[in-house]
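K.L.:
For reference, the sequence and a predicted model appear below.
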Amino acid sequence: MKQIKLYGIGGQGVVTAAKIIAEAVAIEEGQYAQAVPAYGHERRGAPVYSDVMLSDKPIKLKSFVYHPDYVVIFDMSVLDKGVDVMKGVSPDTVFIINEECVDPSHPFHKHKTYYVGARRIAVDVIKRDIPNSSMCGAMAGAGLVGIEATKAVITRKFKKAGEINAAAAQQACDELRSN
Amino acid sequence: MKRVMLDGNGAATEGMRLARIRVVSAYPITPQSPISEKLADYVTDGTLDAKYIRVESEHSAMSCAIGAQLTGVRAGTATASVGLALMHEVLGVAAGCRVPIVMPVVNRSLVSPWSLWCDHQDAMAERDGGWMQFYAESAQEVLDLILIAYKLAEKNDVLLPAMVCLDGFFLSHMPDAVYVPAQEDVDKFLPAYKNDNLKLDPDDPMFINDLTGSNEFMEMRFQQAVAFDYAQDLMPGVMAEFEEAFGRKYSMVEAYECEDAEAVLVSLGSMSGTIKHTVDMMREQGRKVGMLKITSFRPFPAEAIRELIGHVPHIGVIDRSASLGSETGPVCNEVRSALQVLDKAPEVQGFVAGLGGRDVPPTTIEEAFDTLLNDKTVAAVKWLDVQDNALRLREVDA
Amino acid sequence: MPQQLSRHAMNSAATSGKKALKGPVATVFLATNTGSWRLERPVINGEECIYCGTCQKFCPTNVITVTKADDDSSVVIDFEYCKGCGICANRCPKQCISMVPEEGVCKS
Amino acid sequence: MLEMKSKSRGLIAHGVSACAGCGLELGARYIMEALGENSTLVIPPGCAALFSGYGKETVTKIPGFQGNLENTAAYAAGIKAGYEMQGREDITVLGMAGDGATVDIGLQSLSGALERGDKILYVCYDNEAYMNTGVQGSASTPTYAWTTTTPGGKQGYRKNLAKIVDAHRIPYLATASIGFVEDFRKKLAKAKEATKTGPAFIHLFAPCPTGWRSRPDTSVEIAQLAVTTRCWPLFEIVDGVLSITKEVKKPKPLTDYFKLQGRFKGISDEQVEAVRQEVDAAYDRLMEGRV
């Protein structure tokens, strides 16, 4: 089982992205997945997180993710807002982040890290600063789920804006780089 | 049958849709609101041929449902927490008048303190009120248990309302792949509602729910008690029919790795899944542990529990609610009393965990197993995961 | 299962060819003999009565029948149910109803 | 399959265990007459529950349901919806509740049903206190009236139920009195008709000799005096337009009304005058078309 933790800011579609990845794995790829949203008094601009579990076997665990295999950061500002993105990680934990360049002082610089300009892609392609579809593409690029499955769910979920969001996902997947 | 991503609320809504409820009376409350909203969508777009009564309270939600169902249609509502508490008075009317309403209850703590998150205190407060109570472990179980509940509740020997309980957020908002049966298959399993008992109909007048003297009141209650016996007798058959129709197996209690277990934890709801997960982990380490999930808390399957875990030396029960002033939690009390009739009754350790939405992760489960396996049991209930400074959370200058 | 509830015995007793409704319900239409409450009974002075129907209109128990006909007008009171409230006497425009104390047990 | 063990010419039995001289009993007969057989009744606990029955016996020939004290309107709304979904829109669903069950504890569910436009008929029979529980004061108890919980006479005003109901903009709203049964009869017919489009509401004045400490034979007389003194004006509001159905140009002295009722025993001249000013002002508002 792969356990994933997504960090971001309210309004960036973190919870939706978790649901998209889960659905892509569970429905499009016929495996098992669970999105575990943390609900509280989230407000636009405040840090939010969401968990995803992916597996080739049925998932019994109904709990949050404490030891993520993957940490996905939608917005580096969560670090400034006091979110400890290193909580529960192991040396093997992989990071997927929305940023072109990463300050070497960032705590995860020793980890395998994928980078993508999700925000720029979102602004270019969907004309809105909502990075969730690009981040889904990045997660696909990092091997969590197939890009076609991800695009299929995005197209279905975003209805009218489905095509452009799928395009954003594809571009993020293509442009994904790693250390 | 199709496989789609649904959270527990979505699964509950699909269950109600497939049961063809004709009147919806719903009032929003976190974390149930998506059910009220989705049903409104379904009524508006014609997916569901029903009248939507946008009630002004949960009390009225249940009142409307009772009134509607007494005329001969399935009526649907859903609630959580203080909403269920507000319904309390009328829940008794549904039960006493033998109106087999099936209601999803999205478990959430009761005040005070305020909390939006999961525990079972709301449903436990209704455990003796004449409603059947089923607890789901997953979104799939939510949908399936709703269909099973309808089938069972409407049996002439049963005629009891039923709550299908799903843990707030952990199930209600956790998307998972769910098999949604086709309408025609559900129609075969669950035929159209036929009200053959107390019914409002000008063509056949009767006055329902009038005053009953003490010469008959006890008999009315006894009828309900017998109905719970019937429910228990008939439930395996209904679940077998469900399995025949849809391929998924259910039982009142599910034993997981209990046969050779030295320690077993008993629980309800989503926590059961986490315990199974932990059992798998601990079994890999060679530790003989198991889990017992009570799917049907009302009727309470005491005999089945004796059979399945009566032989286990160490038993623990994790309650996701507290029975304040009692030695242990409500589920633990029942498990203890079920087992104490055995010649060599196992000791049963009570635990309380996961109140107010506190997560119950595998580490907490492991701690409970450790308590059982290392003979660290105590007579009273053991609260898991409580901060050491619990009594000094709010310190102010003296 | 609590076997002390001998269900099958109870069932066979119930299978009498009739349907046993479950729960609180009234299925028998039956009036109370409210006439026995009466302390005073209305007595109508037939000579003064104009058969206007006022007493019938205001009788809470609806037990007064006024018939107005050319040759056969009448006022009939069903004393099985008349509670003797006296509203008929109070409202009679001709004041031709008097309330007379009942003597002992109600005789209807 | 109602087993008929008694005969009656109306839809309720002649022998109902209401007190002698009960205003509700008289009112209920007119209500039933207007409703007809194709109806369903919802009654909360209270004096009206005498019509529900006891054990296996009822005095009502139409189907009925005894609800809780605070949710008459909600039950009625649910029942109506159930009938509607089965193509039986023609069935009239009536809520018949007292003042306590309407203006106090039942106000929320009533408001909900009125706002939603549920096609129910609701009659509040107002005996101005909680009578079945032993004459406790309600929000509808009038100023200076004695009850067991206003032993010194009620201070403050009664809740203006018609004004509250009117705020919901329902098709038909009326006050009525058992002292004016022809007026009541007409209003019942209009109200029943109005339920084809939305909620209809009648606020019925129903004296209670037991609670008002009045002689049973004076119930109708008191009900008439309540109107002719302007204590209980008769009016209706049809689609928002108010009209007085019984004009009282020269009101009778309030003492004529008060002296028949022990609950007003000891009312002072100043208090009578205060009531006079209050009821006249209310009547004037009605004359201007306002509740």
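P.N.:
Received the coordinates, thanks.
K.L.:
Pull up the per-residue confidence for the spatially most central residue of chain C.
P.N.:
Centroid check for chain C by C-alpha atoms, centre = their mean gives C:Y81 as the closest residue, at 3.0 Å. pLDDT for C:Y81: 97.
K.L.:
Was I right to think it contacts C:T34?
P.N.:
Yes. Between C:Y81 and C:T34 there is a contact at 5.0 Å, judged by C-beta atoms under 8 Å. The C-beta positions use only the backbone N, C-alpha and C, and glycine is treated the same way.
K.L.:
anything in contact with each of these two?
P.N.:
Both C:Y81 and C:T34 are contacted by C:T61, D:H14, D:G15, under the criterion C-beta atoms under 8 Å, 6 or more residues apart in numbering or on different chains.
K.L.:
Which single one of these is nearest to A:Q34?
P.N.:
Distances from A:Q34 to the shared contacts of C:Y81 and C:T34, taken as C-beta to C-beta, are shortest for D:G15 (65.9 Å).
K.L.:
B:A379 and B:E327 touch, don't they?
P.N.:
Yes. B:A379 lies in contact with B:E327 (C-beta under 8 Å); the separation is 7.2 Å.
K.L.:
Rank the helices and strands of chain A by mean pLDDT and give me the bottom one.
P.N.:
Within chain A, confidence by mean pLDDT, DSSP states H and E is lowest for helix A:77-80 among all helices and strands, at a mean of 90.
K.L.:
Give the other helices and strands that that helix contacts.
P.N.:
strand A:2-9 (3 or more C-beta pairs under 8 Å, 6 or more residues apart in numbering or on different chains; DSSP states H and E).
K.L.:
which outside residues touch the strand it packs on?
P.N.:
A:14, A:17-18, A:21, A:45-55, A:65, A:67-75, A:77-78, A:83, A:85, A:88, A:131, A:135, A:139, A:144.
K.L.:
For the stretch 1-150 of chain B, give me the ranges with low pLDDT.
P.N.:
By pLDDT under 70, the stretch 1-150 of chain B has no low-scoring segment.
K.L.:
Check the stretch 101-250 of chain D for the residue nearest chain C and tell me.
P.N.:
Per C-beta to the nearest C-beta, D:D217 is where the stretch 101-250 of chain D lies closest to chain C, at 3.0 Å.
K.L.:
and the nearest residue to that residue once chain neighbours are set aside, what is it in contact with?
P.N.:
Leaving aside its chain neighbours, D:D217 sits nearest to C:G86 (3.0 Å; criterion: C-beta to C-beta, 6 or more residues apart in numbering or on different chains). Taking C-beta under 8 Å, 6+ apart, we find C:G86 in contact with C:E40, C:P42, C:M99, D:A20, D:G21, D:R215, D:P216, D:D217.
K.L.:
so the fifth one touches C:C85, yeah?
P.N.:
Spelled out, it's D:G21. Yes. At 3.9 Å, D:G21 counts as touching C:C85 under the criterion of C-beta under 8 Å.
K.L.:
so what sits against both of these two?
P.N.:
Taking C-beta under 8 Å, 6+ apart as the contact rule, D:G21 and C:C85 both touch C:P60, D:P209, D:P216, D:D217, D:S219.
K.L.:
is it true that the second one touches D:E25?
P.N.:
No. Here D:P209 does not reach D:E25: they are 11.1 Å apart, not a contact under C-beta under 8 Å.
K.L.:
quick one, which of these two is more surrounded?
P.N.:
Using other C-beta atoms under 10 Å in any protein chain shown as the criterion, D:P209 and D:E25 rank with D:E25 on top: 29 against 24.
K.L.:
Break down chain A into its helices, ranges please.
P.N.:
Under the criterion DSSP state H, chain A carries helices at the ranges A:14-23, A:77-80, A:118-121, A:132-141, A:147-157, A:162-175.
K.L.:
re earlier: only the buried subset of the contacts of strand A:2-9, as a ChimeraX command please.
P.N.:
A single ChimeraX command selects the buried members of these (16 or more other C-beta atoms under 10 Å in any protein chain shown):
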select /A:14,17,18,21,47,48,49,50,51,52,53,54,55,65,68,69,70,71,72,73,74,75,78,83,85,131,135,139,144
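K.L.:
Now intersect the contacts of strand A:2-9 with the strands, please.
P.N.:
Among the contacts of strand A:2-9, DSSP state E puts A:47-55, A:70-73 in strands.
K.L.:
Among the residues you listed, which one lies nearest to D:S109?
P.N.:
Of the ones in strands among the contacts of strand A:2-9, the one sitting nearest to D:S109 (C-beta to C-beta) turns out to be A:V48, at 38.5 Å.
K.L.:
Tell me which residues touch that closest one, please.
P.N.:
Counted by C-beta under 8 Å, 6+ apart, A:V48 has contacts A:Y7, A:G8, A:I9, A:G10, A:Q12, A:V14, A:V15, A:A38, A:E42.
K.L.:
ok, back up a step: among the shared contacts of D:G21 and C:C85, who's most crowded?
P.N.:
D:S219 (33 neighbours).
K.L.:
Now do it against chain B, distance only.
P.N.:
25 Å (C-beta to the nearest C-beta, to the nearest Å).
K.L.:
and the nearest residue to D:E115 once chain neighbours are set aside, what is it in contact with?
P.N.:
Excluding the flanking residues, the one nearest D:E115 by C-beta to C-beta, 6+ apart is D:H168, at 5.4 Å. By C-beta under 8 Å, 6+ apart, D:H168 lies in contact with D:S111, D:L114, D:E115, D:P199.
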